[in-house]
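Q: sequence first, predicted coordinates after that:
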Amino acid sequence: MPRRTRADLKAARERVLADKDTVIKRYTEGESLASVAWACGVRDTWLRSRLIEWRVPLRTHAQAMTAWWRRRAADTESTFRRTQGHPQTPPLPDA
């Protein structure tokens, strides 16, 4: 797969800047920073800088991991754990 050109990267960044409200909404509703960045076609470090610039409170690592575990525990589509004989993820205490 060929690398993206500078023009492609610039266009992706401009789309994020133009759609700032949607990006902020996706992040504040629990989607990971890396996931939002990947979907938008930008680097997570660049997006993190924009969120800081826009004064969006960033999640701590612990908060991010708790959100990830909650999404994983609620995942009914993935059958990997069930087919591999692993026990179900124990429920997390309410935060």
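A: Okay, I see it.

Q: can you pull the contacts of Gly47?
A: In this structure residue 47 is Leu, not Gly. Each residue near Leu47 by Cβ atoms under 8 Å, 6 or more residues apart in numbering is listed here: 16, 23, 33, 36-37, 40. C-beta: built from backbone N, CA, C; applies to glycine.

Q: neighbour-wise, which of those residues leads?
A: Among these, the one with the most neighbours (other Cβ atoms under 10 Å) is Val23, at 24 neighbours.

Q: so that one sits against Arg15, correct?
A: No - with contact defined as Cβ atoms under 8 Å, Val23 does not reach Arg15; the gap is 9.4 Å.

Q: which residues are in contact with each of the two?
A: Joint contacts of Val23 and Arg15 (Cβ under 8 Å, 6+ apart) are Cys40.

Q: middle-most residue in the chain, spatially?
A: Centrality entry for the chain: nearest residue to the mean C-alpha point is Ser32, 2.0 Å, by Cα atoms, centre = their mean.

Q: quick revisit: strands - which of the contacts of Leu47 land there?
A: Residues of these located in strands (DSSP state E): none.
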